[in-house]
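Asks: 3D model of this:
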Amino acid sequence: MLTTDLIHEARERISARIHRTPVISSRQFDEVAGKEVFFKCENLQRAGAFKIRGATNKIRSLTDDEKSRGIVAFSSGNHAQAVALAGREAGVRVVVAMPEDAPRLKVAAARDYGAEIIFYDRLKQDRQQFALDLAERERLVMVPPYDDELILAGQATCGLEFLEAVGDLDCVLAPCSGGGLFAGVAVAARTMSSRIRCFPVEPETADDTRQSFVKGERVEIPPPPTIADGLRVQKPGELTFPIVQELAEDVLTVSDEEMIETLRFMLTRTKLLVETSGVCAAAAVMFKKLPADVKRVGVVLSGGNIDPDQLATLLGS
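Replies: As a prediction, this is how the structure comes out:
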């Protein structure tokens, strides 16, 4: 169970190894959205995304025996980079299972941080089982992307920082894949403001969380076709989904076209480079998916790791 104590312990454990990322606003974005919007810039975080928070907290909590065995993770990119960097700084071996179609920039970055990359076929192989088989075969310790209390506590520190920087928010939004970021931010936000409204956001074509939320149980979808490579999880997390059920007012969705337009706006107007997955929650605000009575909005820009070739293609589309 994710508790306030775990979140504050995580902050103490990781504070020297992460950035306290800035919170910014944009009058032009406010005018377009019709809201007062504040952005928590995790695209400026170490390793380029919020994932370093949870990865560092988990790895720094391992025993000496576990560290000596090495760790394994599965990820399409941002978690891979975070685990690779946090593992290198902790002096442990890192093996990462990545899909064959993972963005080249993220694969290269994970390798540069020292990770051993092993590829799997997203369409034919289950990524978690593939990583679990690696863990069993080589006695590695699993560092999952979201279904772990220490991972969630690390991600929750983003929410603590956000609400400390900007008080009296009506709501907070975060991109949602497995649900680790949203779950952590929502729990942290509610500990600081019991009235704050929480909204996870995902692509229309990768709406496993929305379908699960509506049905009241975890739903698995086929490998989703979306440009948001970091939001292509097929089923909400076992630990995260109950938090979504409890704290989410609704699950919002956006189209690929809306994410592209928002990415372009953020780059050209605010001068922030945000990846497609990272801009998902901002797109929900920009395209007016929120209730009309919400006025002061907090948005997590979850990451900024985008392949230059993809960026050029999107900006030209």
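Asks: would you list every one of the strands in the stretch 1-150 of the chain?
Replies: For the stretch 1-150 of the chain, applying DSSP state E, counting those that start in this stretch gives strands covering 23-24, 36-41, 71-74, 94-99, 116-120, 141-142.
Asks: for the stretch 201-317 of the chain, same thing?
Replies: Counting by DSSP E, counting those that start in this stretch, the stretch 201-317 of the chain forms strands over residues 252-254, 296-301, given from the N-terminal end onward.
Asks: circling back: any idea which of the strands of the stretch 1-150 of the chain gets closest to residue 164?
Replies: strand 23-24 (9.5 Å; CB to CB). In short, each C-beta sits where N, CA and C put it, glycine included.
Asks: what pLDDT, on average, does the closest one get?
Replies: When the per-residue pLDDT values of strand 23-24 are averaged, the result is 98.
Asks: Contacts for that strand, please.
Replies: Strand 23-24 has contacts (CB atoms under 8 Å, 6 or more residues apart in numbering) with 38, 39, 40, 41, 162, 165, 166, 270, 272.
Asks: thought the last one was touching residue 41?
Replies: Yes: with contacts counted by CB atoms under 8 Å, residue 272 reaches residue 41, the gap being 6.7 Å.
Asks: got any residues that touch both of those two?
Replies: Counting by CB under 8 Å, 6+ apart, the residues touching both residue 272 and residue 41 are 24, 301.
Asks: related to what we said a few turns ago, between the contacts of strand 23-24, which is nearest residue 7?
Replies: Proximity of the contacts of strand 23-24 to residue 7 was ranked by CB to CB; the top entry is residue 162 with 12.7 Å.
Asks: How much space separates that closest one from residue 245?
Replies: Distance of residue 162 to residue 245, computed by CB to CB, to the nearest Å: 22 Å.
Asks: How far does stretch 144-163 sit from its chain's centre?
Replies: Relative to its chain's centre, stretch 144-163 lies at 10 Å (CA atoms, centre = their mean, to the nearest Å).
Asks: Emit the PyMOL select command for whichever of the contacts of strand 23-24 are buried.
Replies: When burial is assessed using 16 or more other CB atoms under 10 Å, the buried subset of those is captured in PyMOL by this command:
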select buried, resi 38+39+40+41+162+166+270+272
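Asks: Turn the contacts of strand 23-24 into CSV, including distance to residue 206 and pLDDT.
Replies: As requested, the contacts of strand 23-24 are arranged in CSV below (distance: CB to CB, whole Å; pLDDT from 0 to 100):
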residue, distance to residue 206, pLDDT
38, 26, 98
39, 22, 98
40, 22, 98
41, 24, 98
162, 24, 98
165, 30, 97
166, 29, 96
270, 25, 96
272, 23, 97
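Asks: among the strands of the stretch 201-317 of the chain, which is the most enclosed?
Replies: Among those, strand 296-301 has the highest mean neighbour count (mean count of other CB atoms under 10 Å), at a mean of 26.
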